[in-house]
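Participant: got a structure for you, letters missing:
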DNA sequence: CAGTAATCGAGACGGTACGTCCCGTCTTTAT
DNA sequence: ATAAAGACGGGACGTACCGTCTCGATTACTG
């Protein structure tokens, strides 16, 4: 019953799911505190109350452990309100929520800082980033279909324009990301891509 | 006479400028190769052909060494062509040159990745970033004075919009930064801030 | 059952006896080559094919390591032939053997040279020396009981007289200790303590 | 005027005798405190208020410096009372005085401990020791001439017997050397060499 | 329900870099 | 030329983790 796809049950004591979770939890905690480079497997083991070998039995190195831990961070839901301004506002607001409620704001710069030295990490990050860009791109495409943006708008650049101010603040100014930024960014991006900004209030 | 402001010369053998340079050179080289966290003082010493003590005599830790090394990266000259479009094009082009000809593109993400764990580094980076934002801001202010941008434009956001796409590509896409990006960005930023983009060619 | 006095077994991998031995062997070898002050823990680690931490896990510093290494040098067996002359001859001959077959002749002066700066070493040496003096003293006591030496003989001085020429040669003349010295010393010591020396051959 | 044997005056500033003395004084002090191996030229320089180069300009290494410093320790005067017992008593008493009033008791074991690793030091010590043995040997020869000792007495062994108990105490027991030891040693040595000990008191 | 075998916590293992200290040499200005 | 001061390249110090290994104990399924 517990065996997945018609496979045989392995002999011996099965790996504990509770331990798996405990390790991933400890990893996220310590990633936030010490960053990727400062993350010591030894500390993860201690924090999780686990032997080092138990970690190395499941993950070959620090990187896949961190990647699996990061996958526990929720994706941002893609809204579809029928208005590009509202869609953007909504998606940026929930992004800010995620940045505030998860270690992402601390973990991401740390991983980015190591990417040049680790092709595997680089690839993993590419995937992570691509997955978060895709919904934004689709959102802009729908805006073009609705006629809110001109058909020749450079949508990849649009995604860059949306993310840019956040990334700049996240990476360069380090301060907390402010929800007040959302409205001005939304308007600037839409205008920048050739769309019209309706007057609100 | 040789002492500047009424100071006396220190007794003993003076510290060698050539060694100082050699250490900073080795630091930049190794920063590019191994990043901030992977940078070993021991390797810097070996690469520079210097004893470890010689390094610790000048810098208390890895961080101030790296900060001083980074200050050798040239600042971007601020153009003043009379047109915001030309100014921006010029300044972005020379930024790309700097990113290509110095280890900055490798060093910066690495430092940013550590900033959350090191207030001193954070402060140093703030200074570094502020100094590169200032000329861009002044450029936008001149555009407002000339009437190229509306007087109520959010210029800080403007700087974010300019830097954003570069930073996104530098940190998230890791690939080389392409000069072809300049023109679209310039136009989107000007439009985004409420300015008019003249038709070229 | 294997635990002696009701003790429990320690968790974790037990320390290896083979490694313990290898470290002590390397220590004795290097003590002979470089002396106490020239003995580098780093060299012991290299010679024993062991990490430095493995040494520091067992011994807090160079000194206790050296002391334990020295305890591997065999004690001299105490003969009991019924004749003080024969006893002395025998014990001095085996002492010479030990001096020749172990690093003792090199290690001892080196340790003695450091004793004034290290109370712990001083104590350890006192123990070492006392243990080697005791059998000699008992030998002399038996000679008094048998009437070979006068009852008021100063036996502690006797031990000094026996050891003296060896020590003088070992420490001051540095050359190898000659077994030909034994006979004259034995006769001089017995006469010096007031005993009679029978004519041999 | 200051130039010695018809030589020309050296150009430049002459070496200061006061500095020379200060260095040797500091050397003896520190030898006593730290032993030969623990003696740091750096400390000698600091203690003497002198630059390190000033020391290296006069002595090629630690050893010749120590040797010259040791030569400031006075030799023991050789008595000639006409009685071997009195001669020995006298010479041992003044030896004890020297051991008490100079750093010799601390310096000697330290040097002896290094001799196996330094042929030059070994040679220097041989000379030092030979010079102190010679008067004792001559003293014993006069005793043979006077008939106090048998003509076939092994006088080198005699010297060993005299020095032995002192050396044993100095090197092995570390305690202060007691003048009360003198009388018993003298009697044992004379008897040991085949001489007669007259009853005193 | 004993036997089998992989997992578990613990921690020893060989190794590498840390930041400090002192070595013996070199380089500066002042005497 | 010698002096004090102290920078220099080098090497060992004792510490902290790395990733691997070896222990006894635990845990599930098998026969």
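Facilitator: Received it, and whenever you're ready, just let me know what you need. Keep in mind that what you see is a predicted model, and the values were worked out from it rather than measured.
Participant: give me the low-pLDDT residue ranges for chain A?
Facilitator: Applying pLDDT under 70 to chain A picks out residues A:1-9, A:199-201.
Participant: Point me to the residue of it nearest chain C.
Facilitator: residue A:51 (9.4 Å; Cβ to the nearest Cβ). (Glycine included, C-beta is placed from N, CA and C.)
Participant: For DNA strand E, what is the nearest residue in chain A?
Facilitator: Residue of chain A nearest DNA strand E, by Cβ to the nearest atom of the strand: residue A:12 (1.9 Å).
Participant: ok, back up a step: now the phi/psi pair for the residue of chain A closest to chain C, please.
Facilitator: Per-residue torsions, residue A:51: phi -80, psi 150 (degrees, to the nearest 10).
Participant: And for it, nearest residue in space, chain neighbours not counted?
Facilitator: Distances taken as Cβ to Cβ, 6 or more residues apart in numbering or on different chains put residue A:45 closest to residue A:51, at 6.2 Å, once the chain neighbours are dropped.
Participant: Secondary structure element for that neighbour, which one?
Facilitator: helix A:41-48 (DSSP states H and E).
Participant: What helices and strands are in contact with that helix?
Facilitator: helix A:17-38, helix A:52-58, helix A:62-70 (3 or more Cβ pairs under 8 Å, 6 or more residues apart in numbering or on different chains; DSSP states H and E).
Participant: circling back to that earlier point, state the phi and psi torsions of the residue of chain A closest to DNA strand E.
Facilitator: Taking degrees, to the nearest 10 as the convention, residue A:12 sits at phi 90, psi 180.
Participant: Is there proximity between stretch A:66-85 and chain B?
Facilitator: No. Counting by Cβ under 8 Å from any Cβ of the partner chain, chain B is not contacted by stretch A:66-85; separation bottoms out at 12.6 Å.
Participant: same thing with stretch A:158-177?
Facilitator: Yes. Applying Cβ under 8 Å from any Cβ, one finds stretch A:158-177 touching chain B at A:160, A:161, A:163, A:164, A:165, A:167, A:168, A:169, A:171, A:172, A:173, A:174.
Participant: for chain A, what spans make up the helices?
Facilitator: Ranges of helices in chain A, per DSSP state H, are A:17-38, A:41-48, A:52-58, A:62-70, A:84-101, A:104-114, A:119-146, A:155-167, A:182-192.
Participant: circling back: the helix holding residue A:45: which residues count as buried?
Facilitator: By 16 or more other Cβ atoms under 10 Å in any protein chain shown, the buried positions in helix A:41-48 come out as A:41, A:43, A:44, A:45, A:47, A:48.
Participant: next one: stretch A:103-114
Facilitator: A:103, A:104, A:105, A:106, A:107, A:108, A:109, A:110, A:111, A:112, A:113, A:114.
Participant: And the contacts of that stretch?
Facilitator: The contact list for stretch A:103-114 (Cβ atoms under 8 Å, 6 or more residues apart in numbering or on different chains) reads A:28-29, A:31-32, A:35-37, A:66, A:70, A:73, A:98-99, A:121, A:125, A:170-171, A:177, B:35-37, B:109-116, B:171-172.
Participant: Please apply the same query to stretch A:50-67.
Facilitator: A:15, A:19-20, A:22-24, A:27, A:31, A:36, A:39, A:41-42, A:44-45, A:48, A:68, A:107, A:111, A:118, A:120-121, A:124.
Participant: cutoff 6 Å now
Facilitator: Contact partners of stretch A:50-67, identified using Cβ atoms under 6 Å, 6 or more residues apart in numbering or on different chains, comprise A:23, A:27, A:41, A:45, A:120, A:121, A:124.
Participant: what does chain A put close to DNA strand E?
Facilitator: A:10-16, A:19, A:48-54, A:57-58 (Cβ under 7 Å from any atom of the strand).
Participant: 6 Å instead?
Facilitator: Proximity of chain A to DNA strand E (Cβ under 6 Å from any atom of the strand) is limited to residues A:10-13, A:15-16, A:19, A:49-54, A:57.
Participant: and the closest residue to residue A:190 other than its chain neighbours, what does it touch?
Facilitator: Spatial nearest neighbour of residue A:190, chain neighbours left out: residue A:197 (5.5 Å); criterion: Cβ to Cβ, 6+ apart. Residues near residue A:197 by Cβ under 6 Å, 6+ apart: A:187, A:190, A:191.
Participant: For those residues, which single residue is the most surrounded?
Facilitator: With neighbours taken as other Cβ atoms under 10 Å in any protein chain shown, the top of these is residue A:190, carrying 26 neighbours.
Participant: Between the helices of chain A, which one is closest to residue C:152.
Facilitator: helix A:41-48 (69.3 Å; Cβ to Cβ).
Participant: ok, the nearest residue to residue A:182 once chain neighbours are set aside - how many residues close by?
Facilitator: Leaving out its chain neighbours, the residue that sits closest to residue A:182 by Cβ to Cβ, 6+ apart is residue A:92, at 4.6 Å. When neighbours are counted by other Cβ under 10 Å, residue A:92 registers 24.
Participant: cool, residue A:161 as well?
Facilitator: 26.
Participant: Which residue is the nearest non-sequential neighbour of it?
Facilitator: The nearest residue in space to residue A:161 (Cβ to Cβ, 6+ apart) is residue A:189, at 4.8 Å.
Participant: again with residue A:156
Facilitator: In space, residue A:156 is closest to residue A:137, 7.3 Å off (Cβ to Cβ, 6+ apart).
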